[in-house]
Structures are given as C-alpha cells and as structure tokens.
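**Student:** no FASTA, just this:
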C-alpha cells in the first residue's frame with residue numbers, strides 16, 4: 001500500500017471515529033433512533049414533539065460529517081474512490097467500498113415520502129438544502145428553498161434521517177477500513193440499506 005493511501009485511510013478513520021463517538025450519535029443510540037410525534041385536539045393547533053438531538057449536538061456533528069460529502073476533502077466518498085488506483089489496497093476493501101458507496105448513493109437518490117410544494121425531493125436534495133442553506137457555509141441556490149422548508153417540522157426530521165443514512169455508511173466503511181489498516185481479512189458481503197426512522 002502506498003504511504004499516501006495509508007494516510008488517507010487513517011484520516012478517514014480519525015474523522016469517522018469522531019462522528020461515531022459524538023454526543024449526537026450517543027443520543028440516537030440511547031433512544032434507539034429518533035421519532036417525530038404529532039398530537040392534535042379539536043380547536044387547537046397541532047403539537048409536534050421529537051427526540052432529535054439539539055442544535056448544539058447537531059452542529060458539532062456536521063462540522064466533521066460534512067467532510068464525507070465535500071468533493072475536495074480527502075476523506076469524502078468521492079476522494080476515497082481514488083484508492084482504487086493503488087494495487088496495494090486489497091481487492092476486498094475496494095469491493096466493500098463500492099458496495100457501501102453504491103448503497104449510500106442509492107439511498108440519497110431516493111425521494112422522500114413527504115410532498116413539498118407538489119414535489120418529492122430526494123434525500124440528497126434535502127441533505128444539501130439544509131447543509132448548505134443554513135448549517136454549513138450558505139449558498140444562494142439552497143437558501144431560498146431552506147427558508148421554505150425550515151418551517152415544516154417534517155423536513156427537519158427528514159434531514160436528520162438523511163444524516164442517519166450517511167452515518168450508517170460511514171460506520172460500515174470505518175469497520176472495513178480498520179481491518180484494512182490492520183492487515184486483517186475482509187469478508188465481502190452485501191449490506192442491507194439503512195433503515196429510516198419513522199414518524200409517529
């Protein structure tokens with residue numbers, strides 16, 4: 001394995017462990033997921049309650065988690081694909097990376113079940129709209145849509161659902177990457193798509 005490839009794998013592991021050990025993830029695991037509940041009484045406004053981690057925990061997570069989707073970051077899934085060019089990286093790691101990446105992309109390109117402005121945006125569109133419309137550096141093309149969506153509690157829930165999908169992919173890749181770095185055998189296997197939290 002080339003030294004720069006090993007360094008890239010190690011950088012990925014450092015970032016992955018940081019997000020997987022975050023308070024955001026700890027709360028989700030402690031709650032066994034997260035939920036959005038709706039209660040309504042005649043003559044009163046609907047009330048929404050959720051156990052989604054608070055803003056501080058979410059922002060701390062996204063500071064690192066966004067690196068996995070930024071094209072110019074060495075730990076992004078796009079840049080990690082470049083390791084396919086290193087003959088010293090095992091074929092098993094490369095196969096598992098492709099399986100994990102394909103699964104992530106398939107999940108991100110799936111439309112959400114909620115209709116917004118007569119459309120069903122994809123998980124990817126929801127993720128980028130919230131990330132770059134507010135949580136990370138803002139981009140004009142996302143801000144206007146974010147301003148429309150932020151008042152809908154279901155959309156905030158959907159955004160956290162997509163974060164959960166990304167974290168599952170990061171966790172799966174971290175597992176096989178740890179084995180690769182330590183020189184242990186990787187069993188190639190199909191992975192099930194991450195389950196999405198359900199509103200109640």
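**Tutor:** Received the coordinates, thanks. Just so we're clear, the structure is a prediction, and the values are computed from it rather than from any experiment.

**Student:** mind listing the helices for the protein?
**Tutor:** The residue ranges that make up the helices of the chain, judged by DSSP state H, are 3-20, 23-31, 55-65, 77-80, 91-108, 123-130, 140-149, 153-182.

**Student:** of those helices, which is nearest residue 188?
**Tutor:** helix 91-108 (4.9 Å; CB to CB). Backbone N, C-alpha and C define where each C-beta goes, glycine included.

**Student:** which ones are touching the residue most central in space within the chain?
**Tutor:** By CA atoms, centre = their mean, the chain has its centre lying nearest to residue 166, at 2.0 Å. If a contact means CB atoms under 8 Å, 6 or more residues apart in numbering, then residue 166 has 65, 68, 69, 104, 127 as its contacts.

**Student:** the fourth one is in contact with residue 162, isn't it?
**Tutor:** No - counting by CB atoms under 8 Å, residue 104 does not reach residue 162; the two are 10.4 Å apart.

**Student:** tell me which of the two has more neighbours.
**Tutor:** In this view residue 104 and residue 162 are compared by other CB atoms under 10 Å, and residue 104 has more residues nearby, 25 against 22.

**Student:** how about the more buried one: what's its closest non-neighbour residue?
**Tutor:** In space, and not counting its chain neighbours, residue 104 is closest to residue 169: 4.1 Å by CB to CB, 6 or more residues apart in numbering.

**Student:** test my guess that the one you found contacts residue 105.
**Tutor:** No - using CB under 8 Å, residue 169 is not in contact with residue 105; the gap is 9.3 Å.

**Student:** for residue 79, see how far away the closest residue in space to residue 188 that isn't next to it in sequence is.
**Tutor:** Counting by CB to CB, 6+ apart, residue 95 is the residue found nearest to residue 188 once chain neighbours are left out, at 4.9 Å. Residue 95 sits 18 Å away from residue 79, going by CB to CB, to the nearest Å.

**Student:** thanks a lot, catch you later.
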